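Asks: model the structure of this input:
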Amino acid sequence: MSTPFSAAPQALGYLFQARYALLALLSDEREEASVVVEGLDDISISGQEKITLDQLKHHTKAVTLTDASPELWKTLRVWSASLAEGRWKPAEVQLNLVTTAQVGDGSAAALLRKNGRNETKALEQLRKVAQERGNSGLTSAHDAFETLHASQQQLLINAITVVDAADNIEEIVPKIKIKLRFSTAREHVDALYERLEGWLRWSDLDGHV
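Replies: Numbering: from 1, shown residues only. Here you go, the predicted model:
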């Protein structure tokens, strides 16, 4: 039987973005809320309050996120570069790293969860990794982070929330359908979901939803 997990990684990531964006839009109670796919970030959610920028990381195998993980540093590279370019202000955004991976105990990512945060310690650990340059493949990411002034680094870290063990591409579907129960009869939920996902995937060509 074919499942989304059998798709190529790029196609899998694209479908995960579409489903995550659909759930995010259905979950936001603000009438003025809008979702942009591949705008300022993988997913951007805006309204009258802060803009939420989400980096999505989907895995088909069990993965543990450490201080030196490419997944973490590639995300930091994107955010460091966009901050340096002035594409957004730290006080006006919420940065979310949403990953199906688990974070390692005591890691910087663990210290940046919603609960039990320690932003100062997380920054110290990330600075140490960047200075040690243990992975030559991440030099550009380390450079982007170290190019920021110390105060910018702190503002960046303060804005980040790590959401680990997130629902995977299949687990997210039932949650979407629960939201749709309020919009149609139970027997029409599956059909409505298929239409909405199809609409969103086509809308992604323009970016805005």
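Asks: quick one: contacts for the residue lying closest to I176 once chain neighbours are set aside?
Replies: Closest residue to I176 apart from its sequence neighbours, by CB to CB, 6 or more residues apart in numbering: L23 at 5.1 Å. To be clear about C-beta, it is placed using only N, CA and C from the backbone, and glycine gets the same treatment. L23 makes contacts with I172, K175, I176, K179, as judged by CB atoms under 8 Å, 6 or more residues apart in numbering.
Asks: show me what contacts the third one?
Replies: When contacts are counted by CB under 8 Å, 6+ apart, I176 is found next to R19, L22, L23, L26, Y193.
Asks: can you rerun that using 10 Å?
Replies: R19, Y20, L22, L23, L25, L26, S27, V189, L192, Y193, L196, E197 (CB atoms under 10 Å, 6 or more residues apart in numbering).
Asks: relative to D67, how far out is L76?
Replies: Distance of L76 to D67, computed by CB to CB, to the nearest Å: 11 Å.
Asks: may I have the secondary structure class of the residue nearest to I176?
Replies: helix (DSSP: H, G, I helix; E, B strand; the rest coil).
Asks: please report the distance of it from Q17.
Replies: 11 Å.
Asks: check N118 too.
Replies: N118 sits 30 Å away from Q17 when distances are taken as CB to CB.
Asks: of those two, who's got more company?
Replies: A side-by-side neighbour count of N118 and Q17, using other CB atoms under 10 Å, places Q17 first with 21 against 14.
Asks: what helix or strand is the more buried one on?
Replies: According to DSSP states H and E, Q17 maps onto helix 9-27.
Asks: buried residues, the following helix or strand past that helix. List them.
Replies: Following helix 9-27 in sequence order, the next helix or strand is strand 34-37 (DSSP H and E). Neighbour counts using 16 or more other CB atoms under 10 Å place V35, V36, V37 of strand 34-37 among the buried residues.
Asks: other residues contacting the following helix or strand past strand 34-37?
Replies: Remark: after strand 34-37, the chain's next helix or strand is strand 43-46, criterion DSSP H and E. With CB under 10 Å, 6+ apart as the test, strand 43-46 has contacts from 17-18, 20-21, 24-25, 27-28, 30, 32-40, 51-56, 88, 93-94, 96, 98, 207-209.
Asks: one more pass at 6 Å, please.
Replies: By CB atoms under 6 Å, 6 or more residues apart in numbering, the surrounding residues in contact with strand 43-46 are A21, A24, S34, V35, V36, T52, L53, D54.
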